[in-house]
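[1] Okay, sequence plus prediction incoming.
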Amino acid sequence: MRRLRYFLTTLSLLFSLCLPVLSQQSIQAKTHTRFIDVGGYKLRLQVSGVGSPTVVFDSGLGDSLEPWSEVFSEIARFTRVVAYDRAGLGKSDPGPTPRSFTQIATELHTLLRAAEIPPHQEPEGDEDPFQQAFERLAPTMPAEAEACAMLDALFPAAIAMFSASPEARRRGAFLQSDLDVIAIRPVKASWIARILKVLHEEPYVAIDPASRSGIAGKMSGIVENFQLNVLLMDIFPQSGWFSRRRVSAAAAQIARGLGPQTSEEILTGAWNLYTWRALQPDKTLPSAKEMKSHDHWIWNEGIPADIDLFDGSRVILLGEPSYQRTWRSQRSFAGLPADLTIEQKLGAKEIEDWLKRMVSAK
């Protein structure tokens, strides 16, 4: 009963925030395209709509701004919206290399400032609109307000317990359906929802179809696929006498839940990760630059629990990267240990068997 009451309260608070916006008259906004200099090279920018906050669409998968066109026009009915081509993509000029996270963020900041698009200003007083709505409605909903206060009080202990105990996560799994609905707000509910989806001793198979190399083992404590990618780069076999580490020992330790939670080190992805459904009839992966291949990417922003199963294992196929993808060395939960074990190095015949069976199953 308490879970249901909390669930309904959260929806009510969200409705109180959204209805004033949704009730505005829906108008078709005009779209303006500009090419703006950001330091000796120009980026393409599209702007539409009026209002605040400004919604910024950033294609981070090697795409131009065009894939945003449908949702772009819908959002423009209610507030200002912008989309742009990163340097070297779409109709934008090439920019400086390497294409690091810092470089891309600096370009976006320069672009928005040059286009005279101001940053969003929070209203004076409380900076969180949800908190404002909560305080306004709490006197009329004392039981629900108590539930929110209880969540605040229990959150640190819950995260500590679920980080330390896979059994606690297993027993708390029944909460996921409710949490998935309410997890947009408050943020603490979304973090509990995320940690409850973490897998423990889950079988996996990782195969590079091009080199016919692969491993099988179990994954535990991995929160998102950025972390999975780091651990794969650390343990996946390499050939050659002079092979260099794909990630530093320090970055691998952070991903395993050891040492500091974050560092200033910037990591570069070695592969595009694919589900087994990406395999072509000739047992190869499609070019990462083909739009249709995106349907079977394992997104870094996703979670291991969403990776497709095949014969009881999460299958991860390694392909050439479509572009240089970078991210900071960090992990989501400070006290949650993670690991990606190798229980078997797959031989050529075993890899061929896996690939053959996966192709036949499509």
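    Okay, I see it.
[2] Any regions of the stretch 201-350 of the chain where pLDDT drops low?
    Residue ranges of the stretch 201-350 of the chain with pLDDT under 70: 240-242, 291-293.
[3] What ranges does it have for its strands?
    Here the stretch 201-350 of the chain has its strands, by DSSP state E, counting those that start in this stretch, at 202-208, 213-220, 262-268, 272-274, 309-310, 313-319, 326-330, 339-340, 344-346.
[4] do you know which of these lies nearest Ser165?
    strand 213-220 (12.2 Å; CB to CB). C-beta coordinates here come from the backbone N, C-alpha and C atoms, glycine included.
[5] rewinding a little: need the strands of the stretch 201-350 of the chain in a markdown table (columns: mean neighbour count).
    Converted to a markdown table, the strands of the stretch 201-350 of the chain look like this (neighbours: other CB atoms under 10 Å):
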| stretch | mean neighbour count |
| --- | --- |
| strand 202-208 | 21 |
| strand 213-220 | 20 |
| strand 262-268 | 14 |
| strand 272-274 | 25 |
| strand 309-310 | 14 |
| strand 313-319 | 24 |
| strand 326-330 | 17 |
| strand 339-340 | 20 |
| strand 344-346 | 14 |
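[6] and of the ones you listed, who's closest to Arg194?
    Closest to Arg194 of these is strand 326-330 (CB to CB; 14.6 Å).
[7] in its sheet, what does the closest one sit against?
    strand 262-268 (antiparallel) (DSSP bridges).
[8] does Arg246 really touch Met233, like I thought?
    Yes - under the criterion of CB atoms under 8 Å, Arg246 makes contact with Met233 at 3.7 Å.
[9] Mutual contacts of these two, please.
    Ala270 (CB atoms under 8 Å, 6 or more residues apart in numbering).
[10] Regarding Ser92, what is its secondary structure?
    Assigned by DSSP: H, G, I helix; E, B strand; the rest coil, the conformation of Ser92 is coil.
[11] Find the nearest non-adjacent residue to it, please.
    Asp85 (3.9 Å; CB to CB, 6 or more residues apart in numbering).
[12] Tell me what the closest residue to Ile316 other than its chain neighbours is bridged to.
    Among residues not flanking Ile316 along the chain, Ala206 sits closest, at 4.5 Å (CB to CB, 6+ apart). Beta-bridge partners of Ala206, counted by DSSP bridges, are Ile215, Ile316.
[13] my read: Ala206 touches Leu318, true?
    Yes - taking CB under 8 Å as the definition, Ala206 is a contact partner of Leu318 at 6.5 Å.
[14] Now for the two: what residues contact both?
    232, 236.
[15] re the thing from before, Leu111 versus the residue nearest to Ser92, what's the distance?
    Going from Asp85 to Leu111 by CB to CB, to the nearest Å gives 10 Å.
[16] can you list residues touching both of those two?
    Counting by CB under 8 Å, 6+ apart, the contacts common to Asp85 and Leu111 are Leu43.
[17] Give me the buried positions along stretch 351-362.
    Using 16 or more other CB atoms under 10 Å as the test for burial, stretch 351-362 gives 351, 354-355, 358.
[18] which two from these end up farthest apart in space?
    The most widely separated members of the buried residues of stretch 351-362, counting by CB to CB, are Ile351 and Met358 (10.7 Å).
[19] picking up where we left off before, ok, the residue nearest to Ile316 - contacts?
    Ala206 neighbours (CB under 8 Å, 6+ apart): 214-216, 232, 236, 315-318.
[20] How much space separates it from Ile351?
    Ala206 sits 11 Å away from Ile351, going by CB to CB.
[21] Name the residues contacting each of these two.
    In terms of CB under 8 Å, 6+ apart, Ala206 and Ile351 are both contacted by the residues Gly214.
[22] I'd like the distance between the residue nearest to Gly319 when sequence neighbours are not counted and Ser322.
    Using CB to CB, 6+ apart and skipping the chain neighbours, the partner closest in space to Gly319 is Leu285 (4.2 Å). Going from Leu285 to Ser322 by CB to CB gives 11 Å.
[23] Show me which of these two is the more surrounded one.
    Leu285 (21 against 18; other CB atoms under 10 Å).
[24] quick one: the host helix or strand of His109 to strand 326-330, angle?
    Element membership for His109, per DSSP states H and E: helix 101-114. Calculated by axes from the mean of the first three to the mean of the last three CA atoms, to 10 degrees, helix 101-114 forms an angle of 120 degrees with strand 326-330.
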